[in-house]
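In: pasting the sequence and the predicted model now:
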Amino acid sequence: MIEELFKIIFNGIVGNLSYDKFKSFVSKSGTEAGKSEQGQSIPTSKPKIKEINNDRNPDYKTALGQRHKRLREEVLELRLREMTEFYEFDKVSELESYENGKNELPLESLKKLEEFFFLNPKYLELGEGDVFRSFYLEREIVSEYFDRGYQPLIVCCSNENRYYLLCYIIFYKEESGFTRLVISDRAGSFESNGGGKMNIEYLINEMLDRNIRPHDVSVLRATLCEWEAIENGTYYNKLVFNSCGKFDHECFEIFDSWYEELLVLRKKMNEMQP
């Protein structure tokens, strides 16, 4: 019964996107609520649980320090000096004492790290879930990121996964010498006439409101490694614009045509108004 209802919803929303892929869209998790720079909550979905590392690290300070070091070196790719400057610590040795488990990283430093880099708090504190939070993909949230000075970027699927022409929307900006980026919780699809297309039109409609042209938004093709990291909630690159493969001509042409379609539709609607 549930499966039949699921298919009814699928047929009404997603159009020509496959049923199996639609199920994967719905099941893909995002994150817990993030916070805007004004302190207001941004609704997001819950992070999926991947692993719990506490069994191997019974000492909280040691476990926290190890996760912090792994995050800094392998994901954020920041040197000790850079991370020390981020926290505004006086000495590098202070950060080292936290990473080796000698001292516990202060709560205010943890909060700063989580909020700035959109981290999932459970990952850093408990080793659970995705590394990063994602943003809830809807028109109002897209608008808020524009208002906060973020730039949009569309990252499309790698050469190995081109059948559905999936993509994710990334918002990013440089702040205080560091890159902030956050990825949508749901994929769009340039092969869809339903929900996958609608996810991309959230961005297009906001671009139309702000007179932003398609060529002002980069549409890039990810490598397989980057695409897997995006889908697993572990993607970060401080050189985000230069890191995601090459310009995706195939997806951009569709993106440009959808933009023009919505532009024409808006003009017709304006003409109909008295």
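Out: Thanks, I have it. Because the structure is a prediction, the values reported are computed rather than measured.
In: for the rest of this, base every contact and every neighbour count on C-alpha atoms.
Out: Noted.
In: name the residues of stretch 128-139 that are buried.
Out: Buried residues in stretch 128-139, counted by 16 or more other C-alpha atoms under 10 Å: 128-138.
In: what about Leu64, neighbour count?
Out: 24 (other C-alpha atoms under 10 Å).
In: do the same with Cys225
Out: By the measure other C-alpha under 10 Å, the count of residues near Cys225 is 10.
In: before we move on, back to that, which of the buried residues of stretch 128-139 lies closest to Gln151?
Out: Within the buried residues of stretch 128-139, the smallest distance to Gln151 is 14.1 Å, found for Phe135 (C-alpha to C-alpha).
In: stretch 187-200 spans what distance, first to last residue?
Out: 9 Å (C-alpha to C-alpha, to the nearest Å).
In: that stretch: how far from the chain's middle?
Out: Centroid separation for stretch 187-200 versus its chain: 17 Å, with C-alpha atoms, centre = their mean, to the nearest Å.
In: what residues of it count as buried?
Out: By neighbour count on 16+ other C-alpha under 10 Å, the buried set for stretch 187-200 is 187-192, 194-200.
In: over to stretch 73-87?
Out: Buried residues in stretch 73-87 (16+ other C-alpha under 10 Å): 76-78, 80, 83-84, 86.
In: list phi and psi for the closest residue to Pro152 other than its chain neighbours.
Out: Leaving aside its sequence neighbours, Pro152 sits nearest to Phe171 (C-alpha to C-alpha, 6 or more residues apart in numbering; 4.6 Å). Phi and psi for Phe171, reported as degrees, to the nearest 10, are phi -110, psi 140.
In: what sits against Phe171?
Out: Counting by C-alpha atoms under 8 Å, 6 or more residues apart in numbering, Phe171 makes contact with 145, 150-153, 181-183.
In: where's Tyr163 relative to Trp227, distance?
Out: Plainly put, Tyr163 is 14 Å away from Trp227 if you go by C-alpha to C-alpha.
In: so what touches stretch 258-271?
Out: With C-alpha under 8 Å, 6+ apart as the test, stretch 258-271 has contacts from 201, 204-205, 208, 214.
In: want to throw the contacts of Phe171 into TSV with neighbour count, secondary structure and distance to Lys122?
Out: Below are these laid out as TSV (neighbours: other C-alpha atoms under 10 Å; DSSP: H, G, I helix; E, B strand; the rest coil; distance: C-alpha to C-alpha, whole Å):
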residue	neighbour count	secondary structure	distance to Lys122
Tyr145	18	helix	24
Tyr150	19	coil	25
Gln151	17	strand	27
Pro152	23	strand	27
Leu153	20	strand	27
Leu181	23	strand	19
Val182	22	strand	17
Ile183	28	strand	18
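In: let me know the closest of those to Lys246.
Out: Leu153 (12.7 Å).
In: could you check the pLDDT of the closest one?
Out: Note on Leu153: pLDDT of 95.
In: buried set for stretch 110-120?
Out: For stretch 110-120, using 16+ other C-alpha under 10 Å, the buried residues are 110, 113-115, 117-120.
In: what lines up beside the host helix or strand of Ile154 in the sheet?
Out: Using DSSP states H and E, Ile154 sits in strand 151-156. Strand 151-156 has its sheet partners listed here by DSSP bridges as strand 166-175 (antiparallel), strand 218-221 (parallel).
In: closest one to Pro274 among the ones you listed?
Out: Minimum separation from Pro274 across those (C-alpha to C-alpha) falls at strand 166-175, 36.5 Å.
In: since that was my last question, I'll sign off now.
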